[in-house]
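Novice: Model the structure of this input:
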Amino acid sequence: MSEASSLLRVRDLRKSYRSGDRRLEVLRGVDFDLATGEFVSVVGQSGSGKSTLLHLMGLLDAADSGEIALGDTRIDRLPSTRRDRLRNSAIGMVFQAYHLLPELDALENVLAPLMVRHGVIEWLRVRREARARAADLLTRFGLGGRLHHKPRQLSGGEMQRVAIARALVTQPRVLLADEPTGNLDEATGGEILDTLCELNRADGLSIVLVTHDAAIARRADRIVRLAAGRVEAA
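Specialist: So this is what the prediction gives:
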C-alpha cells in the first residue's frame, strides 16, 4: 500500500515501559497502514503489543519514537490540546470495558463527546441536531426503545452498542476497537461483530480491531499479526 493511499500510517513505532529496574520493550519498530474504508484486525498473544499499538494510534499514550499520521497530518507530536480535539473528532474508540457513565442514560452517554466538544452557548445551538443524530444511531443499533435506560438497565451487548454509538456520534474517520467482544458471550459478541462489519460495508467506516480470537479476526479484510512487539511477515 502506498503512503498516499493510507488513511492511518505508522512507521517504526517503539514503546517501552519501566518495571522496577527493568525496561520492558513492548513495541520494537512497528509499521502499519490502514486504507480508507478498510477493516483490519490485529492479532497476537497476550503481551505482543496489540493493545499498546491501538492506544498509541488513538493518542491515549505517547510512543518513545516513530511516527503516526492520519491522512496527510502527523499526529503523534501534536500539542496536547490538538490531540484532544483530534481524538474527539476524527478517532472513535471502543474498548472491552464499556466505560459508560452510570448516572447518564443511553442517549446522554452517546451525546457526551459532543457536549465536551461544544461550549455552553454553541451546545444550545446544536443540541437538537446532536440529539437526533444520537437517537438515530441508537435506533439503528436496535436500541430505539431504550434511549432513556441507564447502563444498569441494559445488557452487556446493549451497553457495548451504546459505546459504539458514542464512538460514532462524532463522525470519526477511523474506529479503533480494543477487544470489543471480550466481555460478551459468543452469541452477543457475534452480534456486535456483525454491527461493526455492517458499519464497514454500508458506511465505508475504516476500522482497526484488536482481538485474540482467530474466528473474529477472519471477519476483517486483512489480518496483521504481532509477535514480541513486531509485525510478523505474511
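Novice: Output the longest helix belonging to the chain.
Specialist: For the chain, the helix that runs over the most residues, judged by DSSP state H, is helix 120-140.
Novice: outside of it, which residues touch it?
Specialist: Applying C-beta atoms under 8 Å, 6 or more residues apart in numbering, the contact partners of helix 120-140 are 106-107, 110-111, 114-115, 118, 144, 146-147, 161-162, 165, 168-169. Quick note: C-beta positions are derived from backbone N, CA and C, even for glycine.
Novice: Does Val116 touch Arg87 like I think?
Specialist: No - judged on C-beta atoms under 8 Å, Val116 makes no contact with Arg87 at a distance of 10.3 Å.
Novice: More neighbours: which of the two?
Specialist: For the pair Val116 and Arg87, the greater number of neighbours falls to Arg87 (18 against 11), based on other C-beta atoms under 10 Å.
Novice: secondary structure element for Ser16?
Specialist: Taking DSSP states H and E as the definition, Ser16 sits inside strand 6-19.
Novice: Tell me the first helix or strand C-terminal of that strand.
Specialist: Tracing the chain past strand 6-19, the next element assigned as helix or strand by DSSP H and E is strand 22-35.
Novice: Any buried residues in that next one, and which?
Specialist: Along strand 22-35, these residues count as buried under the neighbour rule (16 or more other C-beta atoms under 10 Å): 26-28, 30, 32-35.
Novice: quick check: angle from that strand to strand 6-19?
Specialist: Using axes from the mean of the first three to the mean of the last three C-alpha atoms, to 10 degrees, the direction of strand 22-35 lies 170 degrees away from that of strand 6-19.
Novice: okay, now Asp203: neighbour count?
Specialist: Neighbour count for Asp203, taken as other C-beta under 10 Å: 10.
Novice: ok, it - contacts?
Specialist: Contacts here follow C-beta under 8 Å, 6+ apart; on that basis Asp203 touches nothing.
Novice: do Arg161 as well
Specialist: When contacts are taken as C-beta under 8 Å, 6+ apart, Arg161 is in contact with 138, 141-143, 192, 195.
Novice: Using JSON lines, lay out those together with neighbour count, distance to Asp185 and pLDDT.
Specialist: Supplementary listing: the contacts of Arg161 in JSON lines, determined by neighbours: other C-beta atoms under 10 Å; distance: C-beta to C-beta, whole Å; pLDDT from 0 to 100:
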{"residue": "Leu138", "neighbour count": "25", "distance to Asp185": "22", "pLDDT": "96"}
{"residue": "Phe141", "neighbour count": "24", "distance to Asp185": "18", "pLDDT": "93"}
{"residue": "Gly142", "neighbour count": "13", "distance to Asp185": "17", "pLDDT": "93"}
{"residue": "Leu143", "neighbour count": "21", "distance to Asp185": "18", "pLDDT": "95"}
{"residue": "Ile192", "neighbour count": "22", "distance to Asp185": "11", "pLDDT": "91"}
{"residue": "Thr195", "neighbour count": "19", "distance to Asp185": "15", "pLDDT": "92"}
